[in-house]
Each structure stands twice: as structure tokens, then as C-alpha cells.
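K.L.:
Pasted the sequence and its predicted model underneath.
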Amino acid sequence: MPSKSVAKRSQAAVAGVGQLDLDDLKNEDEQQLHARGVAYAQEYVRARDVAATMVKNLAVVVYSVRLYRGDPRGEGWDTKQAVKAIYDSANLDDETRERLSNAVRYHVGNLQRAHLSPRELKRLGLKEASPLERMKASRAANQTLLNGARVSSQAAKAKSSKTSTGADEGALPETTDVRIVANQMKLADAALAIVRRLDADVLVSEAVTDGQRNRVDEDLAAMQEEIARLRRKIRRRPKAKG
């Protein structure tokens with residue numbers, strides 16, 4: 001463990017140096033290298049947190065510019081020029097500017113949902129769900145699909161291994177493997193979770209084309225038929241043997 005004086009010197013060095021080269025450290029002992037490494041790791045976290053705060057602060061500034069001009073959506077030419085002037089004066093390269101402006105728009109969207117009522121959002125033609133909420137919903141939907149795909153794969157493998165032992169495919173085994181039963185239960189749960197992720201409000205919105213709506217409707221109709229077939233079959237008690 002390096003001494004406090006060594007740690008302080010390393011922190012000062014980290015704050016005052018750019019990209020290191022091996023020659024920069026050739027005179028440092030292991031204790032100094034350790035302290036320097038700790039200082040760089042801590043500085044990385046600090047810089048990351050500062051960057052995140054700066055993006056959020058810039059979003060507050062941009063949204064304040066919109067409000068000052070009575071243009072909360074930021075669609076007016078004068079408003080766009082005022083925001084553009086901020087980025088122009090910052091002398092950012094094109095890649096940084098695009099990445100930063102995209103992050104700012106994301107946080108502005110969250111600010112709007114935090115400070116505008118549902119009625120105001122509707123009047124402005126904005127969705128009630130914030131970008132953060134939509135991102136969480138998207139991640140949850142993707143996770144649901146991944147879970148469904150994983151369970152489906154597990155069920156297929158279990159069934160394949162069971163039929164490969166010699167039983168006729170589709171025939172009910174003498175003793176159904178507990179894993180097969182468990183996988184079928186998981187499949188049913190996963191299927192329900194996926195269907196519940198479908199949002200009727202999204203499907204009837206203007207963003208969805210008639211062709212897309214018709215395709216979803218056909219898929220739902222096919223699901224209904226398959227579900228009805230499964231329900232008819234599982235309601236029948238299996239015939240007793242002997």
C-alpha cells in the first residue's frame with residue numbers, strides 16, 4: 001500500500017499529464033506505479049461522471065432556450081439556429097457534435113416528460129412515455145424475446161434427445177421426462193409474456209403501415225388457431241393404459 005504522500009503525488013501527476021509513454025515511468029518504483037494506476041482508475045470514473053453531468057446540463061440549457069423562445073418542441077427556425085450557435089461556438093468535431101447532440105435530445109425528451117402535463121404533451125403531439133421509459137420497455141421486450149428463444153431451444157433439444165432414444169416422434173413416452181414437462185411450462189409462460197408485450201396503441205398508430213397491421217392481424221389469427229388446437233388437446237384426459 002503506497003504512502004499518502006506517494007498517492008498525492010500520483011494524483012497530481014494524473015491531473016497534469018496527457019498520453020503516457022513507457023519512458024515517462026521508467027524511474028518509478030512499484031509503489032509509485034501502483035499509486036499512479038489507482039489514481040488513473042479514479043480519474044476515469046470522475047471524468048465519466050463529469051461528462052454525464054455536462055450532457056444533462058447542456059440538455060437543460062437547450063430546453064431552456066426552447067422555453068425562452070416559447071418553442072418547447074424546438075421546431076422553430078430561430079430556436080434551431082440558437083441551439084446550433086451553441087454547438088458552433090464550442091468548436092466540436094463532427095463525430096463528437098453528432099454524438100453529443102443525440103445524447104442531449106434524449107435528455108431533453110426526459111425533461112419534457114418531467115415538466116409537462118399529459119395534456120400539454122398531447123397538445124404538443126408528444127408521447128407520454130419518456131425516452132428513458134421507452135428504452136426500458138424496449139430492453140424488457142428484447143429480454144422477453146431472448147427468454148422465449150432460449151426456452152424454445154431448450155424444449156427442442158430435450159424433445160430431440162428423448163425421441164433419439166428410439167421412441168416414435170410425436171408419440172407420448174411411457175414416462176415423460178420431468179425436464180420436458182418443465183420446458184413446456186416455461187414455453188407457455190414465455191409465449192404469454194411475449195403476447196402481453198404487444199401494444200395495441202402502437203399497432204394502431206400512424207407509424208404503422210396498413211401492410212404491417214394486416215401482417216400482425218394474420219399472425220394473431222394464426223396464434224388463436226394454434227392456441228385453440230392446443231387447448232382442445234390438453235383438455236382431454238390421456239387414455240389409461242392396461
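P.N.:
Received the coordinates, thanks. This structure is a prediction, so every number in the text was calculated from the model and none was measured. Residues are numbered from 1 along each chain as shown.
K.L.:
Please make it C-alpha for all contacts and neighbour counts, starting now.
P.N.:
Noted.
K.L.:
how close does residue 44 get to residue 95?
P.N.:
21 Å (CA to CA, to the nearest Å).
K.L.:
which of these two has more neighbours?
P.N.:
Applying other CA atoms under 10 Å to residue 44 and residue 95 shows that residue 44 carries more neighbours, namely 12 against 8.
K.L.:
Now the more buried one: which helix or strand?
P.N.:
helix 30-68 (DSSP states H and E).
K.L.:
Tell me the buried residues in that helix?
P.N.:
For helix 30-68, a neighbour-count test (16 or more other CA atoms under 10 Å) marks 32-40, 55-56, 58-63, 65-66 as buried.
K.L.:
Domain ranges for this structure, per the record?
P.N.:
The record's domain parsing of the chain by automatic domain parsing lists 4-123, 136-197, 200-242.
K.L.:
In terms of mean pLDDT, which of those domains ranks lowest?
P.N.:
For the domains of the chain, mean pLDDT drops lowest on domain 136-197, to a mean of 65.
K.L.:
wait, what's in contact with residue 71?
P.N.:
residue 79 (CA atoms under 8 Å, 6 or more residues apart in numbering).
K.L.:
May I have the secondary structure class of it?
P.N.:
Classification of residue 71 by DSSP: H, G, I helix; E, B strand; the rest coil places it in coil.
K.L.:
got the phi/psi numbers for it?
P.N.:
phi -130, psi 70 (degrees, to the nearest 10).
K.L.:
wait, residue 69 sits on residue 79?
P.N.:
Yes. The criterion here is CA atoms under 8 Å, and residue 69 meets it with residue 79 at 6.8 Å.
K.L.:
which of those two has more neighbours?
P.N.:
Neighbours were counted for residue 69 and for residue 79 using other CA under 10 Å; residue 79 has more, 21 against 14.
K.L.:
after the helix or strand where that one lies comes which helix or strand?
P.N.:
Using DSSP H and E, residue 79 falls within helix 77-89. Later in the chain than helix 77-89, the nearest helix or strand by DSSP H and E is helix 94-115.
K.L.:
just checking, next helix/strand downstream of that next one?
P.N.:
helix 118-123.
K.L.:
Can you point out the buried residues in that next one?
P.N.:
Of the residues in helix 118-123, residue 121 count as buried by neighbour count, 16+ other CA under 10 Å.
K.L.:
That one packs against which elements?
P.N.:
Using 3 or more CA pairs under 8 Å, 6 or more residues apart in numbering; DSSP states H and E as the contact test, no helix or strand touches helix 118-123.
K.L.:
Report the separation between residue 36 and residue 50.
P.N.:
21 Å.
K.L.:
Apologies, that question was intended for residue 182.
P.N.:
48 Å.
K.L.:
just residue 95 next, same as before
P.N.:
For residue 95, the distance to residue 50 - CA to CA - is 20 Å.
K.L.:
do the same with residue 121
P.N.:
Counting by CA to CA, the gap from residue 121 to residue 50 is 31 Å.
K.L.:
name the helices or strands packed onto the helix holding residue 44?
P.N.:
If contacts are counted by 3+ CA pairs under 8 Å, 6+ apart, helix 30-68 sits against helix 4-16, helix 77-89, helix 94-115.
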